[in-house]
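Visitor: Can you look at this prediction? I've put the sequence above it.
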Amino acid sequence: MTNNTAVKTWLDEMVAMCQPDEVVWIDGSEAQLEALRAEAVSTGEMIKLNQEKLPGCYYHRTAENDVARVEDRTYICTPTEIEAGPNNNWMAPDEMYAKMKALYTGSMKGRTMYVIPYSMGPVGSPFSKIGIELTDSIYVVLNMNIMTRIGKAVMDQLGDNGDFVKCLHAKKDVNPDDRYIVHFPQDSTIWSVNSAYGGNVLLGKKCFALRIASYLGRNEGWMAEHMLILGLENPQGEVKYIAAAFPSACGKTNLAMLIPPEYLKKKGYKVWTVGDDIAWLRIGPDGRLYAINPEAGFFGVAPGTSEKTNYNALQATKKNTIFTNVAINNDDMTVWWEGLDKNPPENCTEWKGSVVNGKTYEGKLAHPNSRFTAPAVNCPCISPEFENPQGVPIDAIVFGGRRAKTAPLVYQARNWQHGVFVGANMASETTAAAAGAVGVVRRDPMAMKPFVGYNMGDYFAHWLEMGKKMDPEKAPKIFHVNWFRLDDEGNFMWPGFGDNMRVLLWILDRCAGKADAVESPIGYLPVDIDTTDLDIDKDVLKELLSVDKKVWLEDVEDAKKYFAQYGDRLPKEIWDELETLETKLKA
Ligand code: OXD
Ligand code: MN
């Protein structure tokens, strides 16, 4: 499919090492994809679901030990350790290449190697970047087809250019002791072995679109961020765009596809989804910040997704979707997960593969990190700008976390530098998206802790630099939100979901200079949030918008320890902002 010498040389080398029986180029044609689906069904790699109720939908189950991203086995192999920084596992490139080569050698004997050319971003957009993933998994091919733009059009776009990200994935025997997800930023290379779970093997996603792209972005003057992008349309038909960063499994997909509360819907407000997980941001010739979603699908967490919590995401999964590690209703070959409805199937195959009575089963029928891979075009509220090669202009950047006590519902940073500090100072209680304990507070700057492909201190400096390059009048305003505040009985104080729109409206009103705010030690707090039709006590709202200085001062102590690990790589501006925060809290 190509005469590109850089591609051919690299491919020859990888084939010689992995020794597949066959090499198959993925051209992106429906005929080829359909043949692969049939093959995956015949070998049991995938299960065909009810084609009347769920046309084009398939099911896949991963090994029990292979259900989430493995951050402790994810490496950034820069020439020196300091370039990777304290957030990343590091090994010298030579040593890691040698270790990985030993694992890859002969790993595809008896198997087929698929060559997937893919574009992150619309093919040919000035924001877009090309990758080629080699994999021995049909599941990966079919997921990449949903999550990215693949096939011949991408190779045509690449032409004889050597500028592509070289990705290699071998499933091997999914042995967790030899599982590695490795990035060589200087070589634009990603190597993954011994996993078949999405985040570890769909190499266009976290590995390329965040880790490698963040590195490229710093060198080339743009940003790759763990952010959703949504457009909010007002009754006059004007659409403003917001980019928002939350740690994994904190409701990014829900926020990106939000349905406004009834009274706002009646007035004519609408939300348009541009992206639910990743944003690539560039400064336009007019000095504004523009964003694209480099992905073409949603790799969403299934549990908790319902008609009520995320109607649009659920609709997106009704056709051409791959479900991973959810439960199967054996009576009609449809899928089920906790939180879908209150009606688990009686005749059920749970995610590990046992047939159980779902009504009486005590464990989880779907894995807490089970997923759907759904084409973005299925989403009823997909933005008309989704394919716009120039991206959409961003008015507000929103950071958020899952904090039971500390953070108020919303506040605004005083300026870009303060906003960068607010992002850098983010913390959240952990979820099931990554392996490890759930519910522990971890500091997660810009929701990028596991995704920055270089030293986090340098990453903060890059954020500060980007602010200086923008027209200060036109730069996005920066905010922080927390939908997860708990009362003393452990109940959520804010209804969340569609009602988060009320907070987004305050944010956009602030950007337009239309809403009042009061100064507080942490930034600007709303005077009021519109609670029309909402059954919420004024006292509760007051509490939601309050700042407990004692709790915040404790958090400052934790932040000091956290930031100290970056040593002299931490920009002075971040220390200054932390000091200012402390001073204001003590005043
Ligand atoms: C994801 C994650 O899958 O952040 O999006 O883990
Ligand atoms: Mn994510």
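Guide: Thanks, I have the structure now. Residues are numbered from 1 along each chain as shown. Ligands and ions are numbered 1, 2, ... in the order given.

Visitor: Buried residues in the helix or strand containing Asp94, which are they?
Guide: Per DSSP states H and E, Asp94 falls inside helix 93-104. Of the residues in helix 93-104, Pro93, Met96, Tyr97, Lys99, Met100, Leu103, Tyr104 count as buried by neighbour count, 16 or more other CB atoms under 10 Å. C-beta: built from backbone N, CA, C; applies to glycine.

Visitor: Dump these to a markdown table, plus distance to Arg149.
Guide: Shown next, in a markdown table, are the buried residues of helix 93-104 (distance: CB to CB, whole Å):
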| residue | distance to Arg149 |
| --- | --- |
| Pro93 | 30 |
| Met96 | 30 |
| Tyr97 | 30 |
| Lys99 | 33 |
| Met100 | 28 |
| Leu103 | 30 |
| Tyr104 | 27 |
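
Visitor: chain center to the following helix or strand past the helix holding Asp94: distance?
Guide: Downstream of helix 93-104, the first helix or strand assigned by DSSP H and E is strand 112-120. Taking CA atoms, centre = their mean, to the nearest Å, one finds the center of strand 112-120 at 21 Å from the center of the full chain.

Visitor: Ala84 and Ile76 touch, don't they?
Guide: Yes - with contact defined as CB atoms under 8 Å, Ala84 counts as touching Ile76 (4.1 Å).

Visitor: Overlap in contacts, the two.
Guide: Residues touching both Ala84 and Ile76 by CB atoms under 8 Å, 6 or more residues apart in numbering: Trp90, Tyr454.

Visitor: Run through who's touching whatever helix or strand Thr583 lives in.
Guide: Using DSSP H and E, Thr583 maps to helix 572-586. With contact meaning CB under 8 Å, 6+ apart, helix 572-586 is reached by 417-418, 420-421, 424-425, 460, 464, 521-522, 549, 552-553, 556, 559-560, 563.

Visitor: Show the buried residues in these.
Guide: Buried, going by 16+ other CB under 10 Å: 417-418, 420-421, 424-425, 460, 464, 521-522, 552, 556, 559, 563, out of the contacts of helix 572-586.

Visitor: closest to Asn88 among the residues you listed?
Guide: Nearest to Asn88 among the buried ones among the contacts of helix 572-586, counting by CB to CB, is Phe460 at 14.8 Å.

Visitor: show me what contacts that closest one?
Guide: Contacts of Phe460 by CB under 8 Å, 6+ apart are Val420, Ala424, Pro445, Leu570, Pro571, Ile574.

Visitor: got it, and Val7?
Guide: Val7 touches Ile132, Leu158, Gly162, Phe164, counting by CB under 8 Å, 6+ apart.

Visitor: tell me the phi and psi of the closest residue to Cys57 other than its chain neighbours?
Guide: Among residues not flanking Cys57 along the chain, Leu49 sits closest, at 4.4 Å (CB to CB, 6 or more residues apart in numbering). Per-residue torsions, Leu49: phi -90, psi 180 (degrees, to the nearest 10).

Visitor: same thing with Ile322?
Guide: Dihedral angles for Ile322 - degrees, to the nearest 10 - are phi -110, psi 130.

Visitor: Distance check, it against ligand 1.
Guide: 14 Å (CB to the nearest ligand atom, to the nearest Å).

Visitor: Could I get the pLDDT score of the closest residue to that residue other than its chain neighbours?
Guide: Nearest residue to Ile322 in three dimensions, chain neighbours excluded: Thr373, at 4.3 Å (CB to CB, 6+ apart). Predicted confidence (pLDDT) for Thr373: 98.

Visitor: In the beta-sheet assignment, what are the partners of Thr373?
Guide: Going by DSSP bridges, Thr373 is paired in beta bridges with Phe299, Ile322.

Visitor: What is the burial count for it?
Guide: Thr373: 25 surrounding residues under other CB atoms under 10 Å.

Visitor: quick one, what contacts it?
Guide: Asn143, Ile146, Met147, Gly198, Gly297, Phe298, Phe299, Thr321, Ile322, Phe323, Thr324.

Visitor: of all these, which two lie farthest apart?
Guide: Farthest pair in the contacts of Thr373, by CB to CB: Met147 and Phe323, 14.3 Å.
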